[in-house]
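Chemist: what follows is a predicted protein model with its sequence.
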Amino acid sequence: MRLCWAGYREVSRGGNALGYMGASTALFQALKADDRVTLDDDAPVAIHFCTPGQFDSIRGKRNVLFTMIESTDVPVVYSEAFLRSDAVLCPSLFCHRVFAPHLRGRQCRVVPLGFSADVWRYVPRSFDPEHEQFRFLWCGAPNSRKGWEPVAKAWELGGYADNDLFSLTMKTTSDFDDPEHQIVKRTGNLTFDSRRLPIDELRSLFEDAHCLIAPSQGEGFGLIMLEAMASGLPVITVRHSAPPEFLRGDAYYAKHEIHSTPAIDGTSMVGAWAIPWDVARNMARVAKRYPVAVRRALRASKRAHQEWTWEKSVDRLLVEVEALVGSEAA
């Protein structure tokens, strides 16, 4: 199959851009490594892995928009982009359901994203309360959608902030390269880390943790949760949007309420707000019965490595692109 990759081909920024850039680059690299695919800028079919606002169709090609959404409220920019596309791909059933009323007659197919199996290897975990802290990790872009506010409130409400048996690392990635924004700041048992880390150091941060807390208001897919799942790290999140599609019954789900708030681009964001006291309750649940949590995480990791790698994403993408554009991609 000949394809023109019109998405990102490398990661050049952090912050809010990191999700799309990282996923597009990883899928591009997986396509390059697949001998069934020829990536050619002159190919008749172009895959645009981007936000709808960045989508610019290429004249003379069949333009397939690969995009996603975190909210159940669809801004008009999506409908306009769908109208300019020949077909649409999205990474989750959640996105497909949200897009369905706005597709303007365009076909939409689901192509799940993946993880790098050679990076996010399974790591056995245990916890010895006599000799170590129980290490919680939050990781995400520096905006409220990723759920840092209920995590911070849960840290206080649950009494964790004053308990040396626990620690919390809040890991984000600054969009600025200067030293002022690339920092590690520790206050008691809480660490804030905004450094842009090489993948080996980021993986070590996950491997050193006992639990990921990720009560996102909404995810088009949820790569951070998938990577945690693949490495055998127990996950606390909310039962909303895309992550439950791969986490299934192996995550811990905090209660939430649905609210509408302004998104960073000024549009409406309808999403799940985790209830802080229930986040705190689930943190205690994981820590107190950690052998149960790691058994669930092992089961999830096995499923991830069987079903959710980037190679599996390529398999699905080729099937769905052929279904959408037929012989034009041959």
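Modeler: Received the coordinates, thanks.

Chemist: as a check, name the ranges of all strands in the stretch 51-200 of the chain.
Modeler: Counting by DSSP state E, counting those that start in this stretch, the segments of the stretch 51-200 of the chain that form strands are 62-66, 87-90, 108-110, 134-139, 166-171, 184-187, 190-193.

Chemist: can you check which of those strands gets nearest to Val325?
Modeler: Each of those was checked against Val325 via Cβ to Cβ, and the shortest separation belongs to strand 62-66, namely 4.9 Å. Backbone N, C-alpha and C define where each C-beta goes, glycine included.

Chemist: which elements pack onto that closest one?
Modeler: Under the contact criterion of 3 or more Cβ pairs under 8 Å, 6 or more residues apart in numbering; DSSP states H and E, strand 62-66 touches strand 45-49, helix 76-84, strand 87-90, helix 310-325.

Chemist: now those in JSON lines, with mean pLDDT and distance to Gln217?
Modeler: Rendered in JSON lines, the data for the helices and strands packed on strand 62-66 read as follows (pLDDT from 0 to 100; distance: least, Cβ to Cβ, whole Å):
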{"stretch": "strand 45-49", "mean pLDDT": "97", "distance to Gln217": "23"}
{"stretch": "helix 76-84", "mean pLDDT": "96", "distance to Gln217": "18"}
{"stretch": "strand 87-90", "mean pLDDT": "98", "distance to Gln217": "18"}
{"stretch": "helix 310-325", "mean pLDDT": "96", "distance to Gln217": "25"}
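
Chemist: can you redo these as JSON lines with mean neighbour count and distance to Met68?
Modeler: Conversion of those to JSON lines gives the following (neighbours: other Cβ atoms under 10 Å; distance: least, Cβ to Cβ, whole Å):
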{"stretch": "strand 45-49", "mean neighbour count": "25", "distance to Met68": "10"}
{"stretch": "helix 76-84", "mean neighbour count": "17", "distance to Met68": "10"}
{"stretch": "strand 87-90", "mean neighbour count": "24", "distance to Met68": "6"}
{"stretch": "helix 310-325", "mean neighbour count": "18", "distance to Met68": "13"}
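
Chemist: and whichever strand or helix holds Tyr20, average pLDDT?
Modeler: Taking DSSP states H and E as the definition, one finds Tyr20 inside helix 18-32. Averaged across helix 18-32, pLDDT comes to 91.

Chemist: what stretches of the stretch 101-250 of the chain score poorly on pLDDT?
Modeler: For the stretch 101-250 of the chain, residues meeting the criterion pLDDT under 70 lie at 176-181.

Chemist: can you give me the helices for it?
Modeler: For the stretch 101-250 of the chain, applying DSSP state H, counting those that start in this stretch gives helices covering 148-157, 199-208, 223-230, 244-247.

Chemist: can you tell me which of those is most buried?
Modeler: Highest mean neighbour count of these: helix 223-230, a mean of 26 (counted as mean count of other Cβ atoms under 10 Å).

Chemist: distance from that one to the middle of the chain?
Modeler: Taking Cα atoms, centre = their mean, to the nearest Å, one finds the center of helix 223-230 at 8 Å from the center of the full chain.

Chemist: now the angle from that helix to strand 134-139?
Modeler: Here helix 223-230 runs at 150 degrees with respect to strand 134-139, directions being taken by axes from the mean of the first three to the mean of the last three Cα atoms, to 10 degrees.

Chemist: list of residues touching helix 223-230?
Modeler: Outside of helix 223-230, the residues that reach it under the criterion Cβ atoms under 8 Å, 6 or more residues apart in numbering are 19, 22-23, 113-115, 117, 120-122, 139-140, 206, 212, 214, 219, 235, 237, 243, 246-247, 250-251, 297, 300-301, 304-305, 308.

Chemist: check stretch 202-209 too.
Modeler: Applying Cβ under 8 Å, 6+ apart, the external contacts of stretch 202-209 come out as 119-120, 123, 135-137, 139, 169, 171, 193, 197, 212, 227-228, 231, 233.

Chemist: and if we set it to 7 Å?
Modeler: 119-120, 123, 135-137, 171, 228, 231, 233 (Cβ atoms under 7 Å, 6 or more residues apart in numbering).

Chemist: farthest-separated two in the residues you listed?
Modeler: Every pair in the contacts of stretch 202-209 was compared (Cβ to Cβ); the two farthest apart turn out to be Val119 and Phe136, at 21.9 Å.

Chemist: okay, the two: which has more neighbours?
Modeler: Neighbour count, other Cβ atoms under 10 Å: between Val119 and Phe136, Phe136 has more, with 25 against 14.

Chemist: of the helices of the stretch 101-250 of the chain, which is nearest Ser12?
Modeler: helix 199-208 (15.2 Å).

Chemist: and the angle from that closest one to helix 223-230?
Modeler: Going by the same axes, to 10 degrees, helix 199-208 is angled at 60 degrees with respect to helix 223-230.

Chemist: and the longest helix for this structure?
Modeler: Taking residue count as the measure and DSSP state H as the definition, the longest helix of the chain comes out as helix 290-307.

Chemist: great, nothing more from me.
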